[in-house]
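Peer 1: Generate a structure from the sequence data that follows.
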Amino acid sequence: MADLFADDAPEGAPDTPRADAPLADRLRPANLAEVVGQEHLTGPQGAIGRMVAAGKLSSMILWGPPGTGKTSIARLLADAVGMRYAAISAVFSGVADLKQAFAEAEKMAKAGRKTLLFVDEIHRFNRAQQDGFLPYVERGVVTLVGATTENPSFALNAALLSRAQVLVLNRLDEAALEALLAKAEDLEGALPLAPEARAALIASTDGDGRFLLGQAETLYHAGLAEPLDPAGLARFLQRRLAVYDKDRDGHYNLISALHKSVRGSDPQAALYWLARMLVAGEEPLFLARRLVRMAVEDIGMADPQALPQCMAAMEAYRFLGSPEGELALVQACLYLATAPKSNAAYMAQKAAWKSAKESGSLMPPMNIVNPATGLMESLGYGKGYTYDHDTPEGFSGDNYWPEGMAPEQFYTPAPRGFEREVRKRLDYWDKLRAERG
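Peer 2: All right, here's what the predicted structure looks like:
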């Protein structure tokens, strides 16, 4: 079989796209510095930036939404460190394709050239196929770069995850999407859009850069005589777009109004802002994600059912689609707005993260470290541990903090909703702990 996978372009220079290639291909970044929206990874202090500076890549899984640069980053990584680039897609490839890819990589390795194997949609390979990567990754025949839109914790084998670093790509924000449009206009000229329509186009893409450039290309090919306003753009693309009125109330203003109405326990206003965004064409799954965030940030343990309600609403929308599925989002929104509010968990997270960074690598106390081997047991690991279930109250009162670190209080339940019950539990355990000294 011919080598269908390798990139035959000279090292250090990505393939030059044809003049008639899609706009997204013609605007692919030429180096990692040109990748927009992922500076937390590609910048000098990012994980990818550090690997490239060291000239050595480890296997990695790029996890992020569609159109955020996963494929471009993989190609540019190979160029940056002088590796051979090979790519397969789990959607179109089977066992025979994998065997060929590994055989080619082994042949090149014997010739002294290392291979970066990019696997798009890697989560679509089954467990057995994923296991097939392991020996080649372990022996260094390939450096694996997998791309997935699914949570790797659920979609990939634990054995494969243990051999690869998971790097999370951000959904492209407004600034990154604006930068992509600016690159398109440098190449093709000004878009035929009024400023309000341009903002509406960006807001409608839900962070997908490839989709944005596809919509821009459609506009360029149309040969429009006059710039479109938001209503004209919606009619032209046959897609509902977020409405930007004369006061420029946009995507981020409306989502802020929705979030604060929920936080302020005003279900009527919250429903109004939700309706404004849905009627204007906001992506419903964006709203579903924001409702989930509200559930954990502003309600938390005050009503532990808030999060399951929002997750169920998101799944209901995915199952039903629009417009029926939008009713599930309405129900979740009303549930959140009428629920008791608490940011105690949110504040506890911030405080705990701060303490963890400041305290460094303190060891747990020896009594709660598992004596996994005889040697560890002889050294005192696990000595003095009290199994809580063996006590009358099911509570030992042991110390679980690192030696040399005083106990801290991160979580303080609010006196509202279910957290009133949580407060009673904490008070009870504090009383038992005090009695045990």
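
Peer 1: and the closest residue to Tyr381 other than its chain neighbours, what is it in contact with?
Peer 2: Leaving out its chain neighbours, the residue that sits closest to Tyr381 by CB to CB, 6 or more residues apart in numbering is Pro371, at 4.0 Å. All C-beta spots, glycine's among them, are computed from the backbone N, C-alpha and C. Residues near Pro371 by CB atoms under 8 Å, 6 or more residues apart in numbering: Glu377, Tyr381, Gly382.

Peer 1: what ranges of the stretch 251-400 of the chain fall below the confidence cut-off?
Peer 2: By pLDDT under 70, the weakly predicted segments of the stretch 251-400 of the chain are 251.

Peer 1: What distance do you get for Pro413 to Met366?
Peer 2: Look at Pro413 and Met366: by CB to CB, to the nearest Å, they are 31 Å apart.

Peer 1: for Leu213, same thing?
Peer 2: Separation of Leu213 from Met366 (CB to CB): 58 Å.

Peer 1: Which parts of stretch 347-355 count as buried, going by neighbours?
Peer 2: For stretch 347-355, burial by neighbour count (16 or more other CB atoms under 10 Å) applies to Met347, Ala348, Gln349.

Peer 1: May I see those organised as a markdown table, with secondary structure and distance to Ser355 added?
Peer 2: Converted to a markdown table, those look like this (DSSP: H, G, I helix; E, B strand; the rest coil; distance: CB to CB, whole Å):
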| residue | secondary structure | distance to Ser355 |
| --- | --- | --- |
| Met347 | helix | 13 |
| Ala348 | helix | 11 |
| Gln349 | helix | 11 |
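
Peer 1: Asn253: which of those residues is nearest?
Peer 2: Met347 (26.1 Å; CB to CB).

Peer 1: Please report how far that closest one lies from Leu254.
Peer 2: Taking CB to CB, one finds Met347 at 27 Å from Leu254.

Peer 1: Let me know how buried the closest residue to Gly209 other than its chain neighbours is, in neighbour terms.
Peer 2: Closest residue to Gly209 apart from its sequence neighbours, by CB to CB, 6+ apart: Gly67 at 4.6 Å. Other residues lying near Gly67 total 24 when counted by other CB atoms under 10 Å.

Peer 1: Can you read off the backbone torsions of Gly67?
Peer 2: When read as degrees, to the nearest 10, the backbone of Gly67 gives phi 70, psi 30.

Peer 1: need the contact list for it.
Peer 2: Leu172, Thr205, Gly207, Asp208, Gly209, Arg210, Phe211, Leu212.

Peer 1: coming back round to it: just put the contacts of Pro371 in JSON lines and tack on secondary structure.
Peer 2: Formatted as JSON lines, the contacts of Pro371 follow (DSSP: H, G, I helix; E, B strand; the rest coil):
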{"residue": "Glu377", "secondary structure": "helix"}
{"residue": "Tyr381", "secondary structure": "coil"}
{"residue": "Gly382", "secondary structure": "coil"}
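
Peer 1: Quick one: which of the residues you listed is the most crowded by neighbours?
Peer 2: Of all those, Tyr381 has the most neighbours under the rule other CB under 10 Å, reaching 17 neighbours.

Peer 1: where do the helices sit along the stretch 201-350 of the chain?
Peer 2: 209-222, 230-237, 251-263, 267-280, 284-294, 306-320, 326-338, 344-359 (DSSP state H, counting those that start in this stretch).

Peer 1: okay, the longest one in CSV with CA atoms only?
Peer 2: What follows is helix 344-359, C-alpha atoms only, in CSV (Å, rounded to 0.1, in the frame of the first residue of the first chain):
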residue,chain,number,x,y,z
ALA,A,344,-20.2,29.1,49.4
ALA,A,345,-18.9,26.2,47.2
TYR,A,346,-17.5,28.8,44.7
MET,A,347,-15.7,30.7,47.4
ALA,A,348,-14.5,27.5,49.0
GLN,A,349,-12.9,26.4,45.7
LYS,A,350,-11.1,29.7,45.3
ALA,A,351,-9.8,29.6,48.9
ALA,A,352,-8.8,25.9,48.7
TRP,A,353,-6.9,26.5,45.4
LYS,A,354,-5.1,29.4,46.9
SER,A,355,-4.0,27.4,49.9
ALA,A,356,-2.9,24.4,47.8
LYS,A,357,-0.7,26.6,45.7
GLU,A,358,0.8,28.3,48.8
SER,A,359,1.4,25.1,50.8
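
Peer 1: I'd like to know how far Arg289 sits from Gln268.
Peer 2: 23 Å.

Peer 1: wait, I meant Asn151
Peer 2: 35 Å.

Peer 1: likewise Gln215?
Peer 2: Distance from Gln215 to Gln268, by CB to CB: 35 Å.

Peer 1: Which residue of those two possesses the greater neighbour count?
Peer 2: Gln215 (21 against 9).

Peer 1: isn't the more buried one right up against Leu201?
Peer 2: Yes - judged on CB atoms under 8 Å, Gln215 makes contact with Leu201 at a distance of 6.2 Å.

Peer 1: Looking at the contacts of Gly67, state which has the most neighbours.
Peer 2: Leu172 (27 neighbours).

Peer 1: in the stretch 1-150 of the chain, which spans are strands?
Peer 2: 60-63, 84-89, 115-120, 142-148 (DSSP state E, counting those that start in this stretch).

Peer 1: and those strands as a markdown table, adding mean pLDDT?
Peer 2: Shown next, in a markdown table, are the strands of the stretch 1-150 of the chain (pLDDT from 0 to 100):
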| stretch | mean pLDDT |
| --- | --- |
| strand 60-63 | 94 |
| strand 84-89 | 92 |
| strand 115-120 | 94 |
| strand 142-148 | 94 |
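
Peer 1: before we move on, back to that, ok, Pro413 and Met366, which is more surrounded?
Peer 2: Between Pro413 and Met366, counted using other CB under 10 Å, Pro413 has the larger neighbour count: 23 against 16.

Peer 1: The nearest residue to the more buried one once chain neighbours are set aside - how many residues pack around it?
Peer 2: Nearest residue to Pro413, sequence neighbours excluded (CB to CB, 6+ apart): Glu419, at 3.7 Å. Neighbourhood size, Glu419 [other CB under 10 Å]: 24.

Peer 1: before we move on, what about Ala105?
Peer 2: Quick note: Ala105 (other CB under 10 Å) scores 24 neighbours.

Peer 1: ditto for Pro415
Peer 2: Pro415, neighbours per other CB under 10 Å, totals 11.

Peer 1: go on, Leu278?
Peer 2: 18.

Peer 1: quick one: it and Gly264, what's the gap?
Peer 2: Going from Leu278 to Gly264 by CB to CB gives 20 Å.

Peer 1: and what of Gly382?
Peer 2: For Gly382 relative to Gly264 (CB to CB), the value is 50 Å.
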